[in-house]
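>>> just need the structure, nothing else, for what follows:
(chains A and B)
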Protein chains: 2
Amino acid sequence: MARPIKETMPLEAARRLLFDAAVPLDRSERIPIGDATERVLAQVVTSRVDVPPFDRAAMDGYAVIAEDTFGASAREPKRLRCVGQIFTGEAADVAVTSGTCVEVATGAPLPAGADAVVMVEETDRTGDDVGIHSPVYPKQHVGRRAADIAAGQTVLTPGSVLNPSRIGALAAMGIGEVEIYVRPRVAILSTGNEIVEPGQALGPGQIYDINRFTLASIVGLHGGEAVVYPAVPDTLPALTQALADAGGADIIVFSGGSSVGERDLMQDVIASRGEMIFHGIAVKPGKPTAFGRVGGKLVFGMPGYPTSCLSNAYILLVPLLRRIARLPDYEPRVVAATLARRVVSTTGRHQFYTVRLADGAAVPAFKASGDITSMSHADGYIEIPAHTDIVEAGTIVDVKLL
Amino acid sequence: MARPIKETMPLEAARRLLFDAAVPLDRSERIPIGDATERVLAQVVTSRVDVPPFDRAAMDGYAVIAEDTFGASAREPKRLRCVGQIFTGEAADVAVTSGTCVEVATGAPLPAGADAVVMVEETDRTGDDVGIHSPVYPKQHVGRRAADIAAGQTVLTPGSVLNPSRIGALAAMGIGEVEIYVRPRVAILSTGNEIVEPGQALGPGQIYDINRFTLASIVGLHGGEAVVYPAVPDTLPALTQALADAGGADIIVFSGGSSVGERDLMQDVIASRGEMIFHGIAVKPGKPTAFGRVGGKLVFGMPGYPTSCLSNAYILLVPLLRRIARLPDYEPRVVAATLARRVVSTTGRHQFYTVRLADGAAVPAFKASGDITSMSHADGYIEIPAHTDIVEAGTIVDVKLL
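Reported below is the predicted structural model:
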């Protein structure tokens, strides 16, 4: 028989239960740094080398003993004898002694004996005779060994998200592979006898699967690995088997089957095989949402209506997934806009109301929970708290961008 | 000979030249919608089907002729004879006539003759005899055919970035594959004789390649396909050959070789094979940056110093790449913070100054342009305009997050 949801849970209470249930993954793997962007570091990274690995010229010019240049001026240059030349990438196999200098390119290692570099612009040269037009102090124009990173220094710690500059720091230390946390595996199962894959022909009473695609898309955007299963018939044995088959995942998301229908059996499956954590939350759209734990896996029963399902994916699945993936909380971009029309909300339910942005105005875009265009034609959404029932036209609202 | 950069171009002027040079790509390809998240649509999408494809029950209950329910109440139910049952996903092969009803599940097609659904909660039943406790109006609790999308309707247009809900709209219409713009190909070439790949041993005078990895990372994050080449020796024939080899790319990025050194030959290569658009911009770090066009390809000569190179990738390459990829401009997240220490900037150069965030304070993180830890240990950066030379401690600054 049909079982209406009698008690709904406030959104914040549901979120707390969700966070309590989320255990960050410990599994890790080793991958090349070229594949590691946006991955989460699972190791301490301590440098085995100095960066840079040697004192080097920071300018094109002449490596000198700084003292030899003291008193130099354009009118009375100090004259030094050039005894060699070092290009970038070469060994410094010539030494500087008092009265001599070595021509160096930017990035070349500083030759033994030298302690500073005179910029080429401050010199003149005839044959091996080099005139120094300006004094330098010791270490001037020298990039010092280990100035960036010293051998033994801890440069990155577990939990760091590898952005381009951190990938660069790994490269700088000569580290070609790195240990990162694996992405949480999210099994995605659409339930229902009416579901057909896009690209196929529809039979009588059939509709195309939407939630499998929206869920996989959002999971991929938030650090998860979507594992997509064929649609599951809406029967207790089929759902129970599907749950068992998806046991290799960290999160299992069923869509459809958590409403109140006769064949909507997801809550029975969760309750009979494990523990229901909540069923029914005071949000709109997306009230008939179940969340539980079965065999150590977290299981969502999302509503079948595509906008309800995707809305709940944004507000519940994404925070859970990112926590398990050890990614920082996602904060959508917010744009202030003037509400173009009055919006009437449902008292007692926290509403996520989709809007389009047009010339600084937020124009209501929500049609119905069953309509994917409620969201696909929207730029973002406004949140209307449970205790508010009307937001008047002209109100400045915060639009969170999709 | 060394050639100092005499004239630098203000950042905004350089950016304008960059935007003028950027031509959005026209090449497109067809891919499954499951792979299309964050891709840019290259076609008009017009629906060939109605979504939903039939009138359907929006509640579990009984499909009825609304008129048969008028006057019904819990005390005096209207009695109808149930002549069948339609589950979700089934054909509606039974019709409703006056005095009868058909049991329907949410999502099931509405049987012929019926024009409304009475919720199961508003009924009683004994055998085939169903009591209706509350009247319904025509179309009540019916999800109408084409309410979401009508056949012939244009749902998405070229240039749309495919977020989860738009992927869902494609699925809803039964569209399994979609035409999207290809990602711009960005050839990445580190130049210099001193460059060694991470994972290998360093010889005398050698350093690890950093820019190849930071550039590939940032290109991947902003809609490009990085094509990484081996490091190129810093000689005119090698650079000229490398430029020819990378001709299949849409953007070619050399790093190193745009400074003023004797072997820093990138600007010669660009100027001799094509057209230099600018060389030298009034920014810090990153002044010695060259940008030109060779054989219809856009070519960057980025500075070799890793923080200079990556900083310019953020401020110049990313906007160019996104424009060519037809992605919206990237706007970094901004956090307001109190500057923890006075920062002295270089007058006449727009400075990008990296900072860490600690307890609401922005703590300077910049060491030197050659130090990748100037950026990898930072959370974001502040911008100091060319005409400002000092920002005092305690100033509220906008930190743009990396």
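
>>> all contacts plus neighbour counts: C-alpha atoms, from now on.
Will do.

>>> so which helix or strand of chain A has the lowest pLDDT on average?
For chain A, using mean pLDDT, DSSP states H and E, the weakest element among its helices and strands is helix A:266-273, scoring a mean of 87.

>>> export that one as PDB, just CAs?
C-alpha atoms of helix A:266-273 as PDB (Å, rounded to 0.1, in the frame of the first residue of the first chain):
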ATOM      1  CA  MET A 266      13.600   1.800  -2.000                       C
ATOM      2  CA  GLN A 267      12.900   2.600   1.600                       C
ATOM      3  CA  ASP A 268      11.900  -1.000   2.200                       C
ATOM      4  CA  VAL A 269      15.200  -2.200   0.700                       C
ATOM      5  CA  ILE A 270      17.300   0.200   2.800                       C
ATOM      6  CA  ALA A 271      15.400  -0.500   6.000                       C
ATOM      7  CA  SER A 272      15.400  -4.300   5.500                       C
ATOM      8  CA  ARG A 273      19.100  -4.600   4.500                       C
END
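
>>> poorly predicted segments of chain A, please.
Scanning chain A for pLDDT under 70 picks out A:1-6, A:257-264.

>>> show me it divided up by domain.
Domain ranges of chain A: A:11-26+A:183-324, A:33-51+A:147-181, A:56-143, A:334-401, per automatic domain parsing.

>>> out of these, the one nearest residue B:345 is which?
Nearest to residue B:345 among these is domain A:56-143 (19.1 Å), distances taken as CA to CA.

>>> show me where the stretch 101-250 of chain A has its helices.
Using DSSP state H, counting those that start in this stretch, the helices of the stretch 101-250 of chain A run over A:164-172, A:211-221, A:236-245.

>>> ok, then the element right after the last one?
Scanning forward in sequence from helix A:236-245, with DSSP states H and E defining helices and strands, the next element found is strand A:251-255.

>>> point out the most buried one among the helices of the stretch 101-250 of chain A.
helix A:164-172 (a mean of 28; mean count of other CA atoms under 10 Å in any protein chain shown).

>>> picking up where we left off before, distance to chain B added to the helices of the stretch 101-250 of chain A, as CSV?
Listed next are these as CSV, based on distance: least, CA to the nearest CA, whole Å:
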stretch, distance to chain B
helix A:164-172, 5
helix A:211-221, 5
helix A:236-245, 15
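
>>> need those in JSON lines (columns: distance to residue B:218).
What follows is the helices of the stretch 101-250 of chain A, written out as JSON lines (distance: least, CA to CA, whole Å):
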{"stretch": "helix A:164-172", "distance to residue B:218": "6"}
{"stretch": "helix A:211-221", "distance to residue B:218": "16"}
{"stretch": "helix A:236-245", "distance to residue B:218": "38"}
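
>>> nearest to residue A:315, out of these?
helix A:211-221 (11.4 Å).

>>> got the angle for the closest one vs strand A:251-255?
Angle, helix A:211-221 to strand A:251-255, by axes from the mean of the first three to the mean of the last three CA atoms, to 10 degrees: 150 degrees.

>>> buried set for the least confident helix or strand of chain A?
Within helix A:266-273, the residues that count as buried by 16 or more other CA atoms under 10 Å in any protein chain shown are A:266, A:267, A:268, A:269, A:270, A:273.

>>> and stretch A:114-133, end to end?
One end of stretch A:114-133 sits 18 Å from the other (CA to CA, to the nearest Å).

>>> apologies, that question was intended for stretch A:47-59.
Counting by CA to CA, you get 26 Å between the two ends of stretch A:47-59.

>>> next one: it to chain centre, how far?
31 Å (CA atoms, centre = their mean, to the nearest Å).

>>> list the buried residues of that stretch.
A:47, A:49, A:50, A:51, A:52, A:53, A:54, A:55, A:56, A:57, A:58, A:59.
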